[in-house]
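Participant: Here is a sequence with its predicted model. Questions after.
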Amino acid sequence: MADLSTDVRYIKGIGEQRAKALGKLGIATLRDLISWFPRKYDDRTQVRRIADLVPGEYACVAAMIASPPTVSHIRKGMDLVKVRAVDESGVLDVTFFNQTWLKNQLAQGETYVFYGRAEGNLLRKTMASPIVEREGRGEFTGRIVPIYPLTAGVSQLVLSRSIRQGLDACADILPDVLPDDVRQERHLCRINYAYENIHFPESAEALDIARRRLAFEELFLFTIGLKRLRQRREVVHVPPCKAVDMDAFYSILPFTLTSAQQRCVDEALADMRSGTPMNRLCQGDVGSGKTMVAAACIYFAVKNGRQAALMAPTEILAQQHYAGLAPLMENLGIRCALLTGSTPMKTKRSIAAQLAAGEIDFAIGTHALITGGMEYADLGLVVTDEQHRFGVAQRAALAGKGEHPHTLVMSATPIPRTLALILYGDLEVSIIDQLPPGRRPIETYAVPGSYHPRIYNFIRKLAAEGRQAYIVCPMVEGNDELPDERKAVTEYASMLQTQVFPDLKVAFVHGRMKPKEKDAVMTAFAAHETDILVSTTVIEVGVDVPNAAVMVIENAERFGLSQLHQLRGRVGRGKHQSYCILISDNRSEETRQRLKVMTRTTDGFKIAEEDLRLRGPGDFFGQRQHGLPGLRIADIGCDTQLLKEAQAAAETLLAADPELKRCPATAERIAELFTQNEDTLN
């Protein structure tokens, strides 16, 4: 008999080949399968007459095949099947591309339901490649149809039928992890009803009931899991750090910390004096001064006789941190070292020996800090920069080099506090919501593609003044699942170099290049050996190039606001006025509103709030890498009230039953969700 951990290939009707395709989506078990929730729904419950079809709108229409289908061979690889369908109100001409098998399936005189985009005019209505099924079948028409996230080789039909098989297989074994009193008090449906109607809704009302139940359950379990993690961490005791006179640190800085920076430093130092390990997220906009908050913590740790380590995701970022922090720290008597993959082996051995002997106080580096048997005499503080770029295991490995070291996580992705407390629920959150005085706001413009000649002239003008430019190029996509970023970047860069800027130096970088190749390109750009860097979003976290003064983002509608803001943060880092130009030919009202937000404000937190409202939480990076279970169906942007209800229910339950002894199904599910992350989070 199947259980929820059963491999999907053993589910009736799925088998080896379909299971292999589902594996591309990360669907391995029966639970994975039934928890693969739709990303949206098409309401195909209303069937229109042909005369009532509106050109440009998707609709269902029931019509009879009036004449035998015909096949036309247009060219190699292109065959058309044409058929004329009629109802009492008019005629519909339907064309199918490369579906020649339909010629023998569509029978003259039979009635079918077609779902697709209507075209034509008042006198002649057409549809191209609609979904079609015999009237009364009701698999793809006449109901609310789920639309699932896909990957290459997995169609909506395959996924829908697989999920149907999965639900049938577990109909009698689905445990209800919500305690009965919680479910009844909150007027929530039973679990079988929820899963059935989230995938195959009987009605819009049934879908709402199912979604509310599943979102509540997710938030409820998440809340309990986080509370138990915090409780477990609080019982870990470490020797509290002693108070340190920080004046020596502050006096050597060439500037005064902002009040937001000072608040974050005070919060972190209070953690380190508390006798429990600090686990704090310091988030703030690009240029808000997170590194100086980290520097204060490093100074404090070293003055308490401990070692500190800062891990960056790339060599070039590690080198940048070293160049900025090492002179400051060494002036304060703190011994520093840089350790990356490029560090010569002889130097690595020397640094390793000095770290183990306690002769180096502060190490800056990449994952090299945790490889090759690297040991520390007394690692007391771990700082990770741009932490969403690290896997859980890497961060855990660095923390494991010490005895419950304090941890400071830095992120330049502004996240609304509500969402931060969910995504980083195991961390205390400090927010730097203030920029240092004197920074010039980046001027931002949203323009159509017809502005390209003017934009290129503007880049040339800035280049003549000695400035540099980023251009984030559009992805060239054969289909939605398999974008070829290499082709997009290289072809666009080649066009710019040969046709637009033959007298300037154009370089390119993309995510499929090897790390050393990317670092070499970025280092050359930082050294002003190139004028224009064409890139995908790989540069959203990158080297500091104060001389870069313009960021051009093609097809800006494809990115979330927070991602656009991250990209914009690559410029405006020096003394020169900087510009961000968002190019989009998408004329939808939603795109217009979103890009208008970017032109109105450079406040990352306001942008993040708006992004959350418009897109939900999916655009915030690293959701699956924090060591916490991801949210599959709950939407923090829309489910704020439901979150409050779930948190209240969780607190009531834990107050009455802290160990969940009376709720074994709840305890078991929380253990399943959190066990894989337990070592990282404790």
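Facilitator: Everything's here; your move.
Participant: helix/strand/coil for the residue nearest to Ala128 when sequence neighbours are not counted?
Facilitator: Distances taken as C-beta to C-beta, 6 or more residues apart in numbering place Thr95 nearest to Ala128, at 5.1 Å, with adjacent residues excluded. Where C-beta positions appear, they are placed from N, C-alpha and C, glycine not excepted. Here Thr95 is recorded as strand under DSSP: H, G, I helix; E, B strand; the rest coil.
Participant: can you count the residues close to Cys170?
Facilitator: Taking other C-beta atoms under 10 Å as the criterion, the count of residues near Cys170 is 21.
Participant: which residues does the spatially closest residue to it that is not a sequence neighbour contact?
Facilitator: Among residues not flanking Cys170 along the chain, Leu30 sits closest, at 5.7 Å (C-beta to C-beta, 6+ apart). Residues near Leu30 by C-beta atoms under 8 Å, 6 or more residues apart in numbering: 2-6, 8, 11, 166, 169-170.
Participant: 10 Å - rerun?
Facilitator: 2-8, 10-11, 14, 165-167, 169-170, 173-174 (C-beta atoms under 10 Å, 6 or more residues apart in numbering).
Participant: now swap in Ala301 and tell me
Facilitator: Ala301 touches 241, 244, 269, 272, 278, 307-309, 334, 361-362, 378-383, 405-406, 408, counting by C-beta under 10 Å, 6+ apart.
Participant: Only whichever of these are buried, select them in ChimeraX.
Facilitator: To isolate the buried members of the contacts of Ala301 in ChimeraX, using 16 or more other C-beta atoms under 10 Å:
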select :241,244,269,272,278,307,308,309,334,361,362,379,380,381,382,383,405,406,408
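Participant: Okay, and which of the contacts of Ala301 map to helices?
Facilitator: Mapping the contacts of Ala301 onto helices (DSSP state H) picks out 269, 272.
Participant: just checking, the residue nearest to Ala128 touches Leu80?
Facilitator: Yes: using C-beta atoms under 10 Å, Thr95 is in contact with Leu80, at 5.8 Å.
Participant: Give me the common contacts of the two.
Facilitator: Taking C-beta under 10 Å, 6+ apart as the contact rule, Thr95 and Leu80 both touch 72, 128-129.
Participant: how about the strands in the stretch 101-250 of the chain?
Facilitator: Here the stretch 101-250 of the chain has its strands, by DSSP state E, counting those that start in this stretch, at 111-120, 125-128, 131-134, 144-147.
Participant: Can I get the ones you listed in TSV including distance to Ala206, mean pLDDT and mean neighbour count?
Facilitator: Below are the strands of the stretch 101-250 of the chain laid out as TSV (distance: least, C-beta to C-beta, whole Å; pLDDT from 0 to 100; neighbours: other C-beta atoms under 10 Å):
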stretch	distance to Ala206	mean pLDDT	mean neighbour count
strand 111-120	21	89	19
strand 125-128	29	90	20
strand 131-134	22	87	18
strand 144-147	9	88	18
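Participant: would you list those strands in a markdown table and tack on distance to Ile471?
Facilitator: Listed next are those as a markdown table, based on distance: least, C-beta to C-beta, whole Å:
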| stretch | distance to Ile471 |
| --- | --- |
| strand 111-120 | 34 |
| strand 125-128 | 35 |
| strand 131-134 | 40 |
| strand 144-147 | 33 |
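Participant: Which of those strands sits closest to Ser259?
Facilitator: For those, the distance to Ser259 is smallest for strand 144-147, at 47.9 Å, taking C-beta to C-beta.
Participant: Identify the residues contacting the closest one?
Facilitator: 36-45, 115, 131, 139, 156, 159-160, 163, 197-204, 206-207.
Participant: if you set the cut-off to 6 Å instead, what comes out?
Facilitator: Under the contact criterion C-beta atoms under 6 Å, 6 or more residues apart in numbering, strand 144-147 has outside partners 38, 40-44, 199, 201.
Participant: The closest residue in space to Gly305 that isn't next to it in sequence and Ala507, how far apart?
Facilitator: Leaving out its chain neighbours, the residue that sits closest to Gly305 by C-beta to C-beta, 6+ apart is Asp378, at 7.2 Å. Going from Asp378 to Ala507 by C-beta to C-beta, to the nearest Å gives 43 Å.
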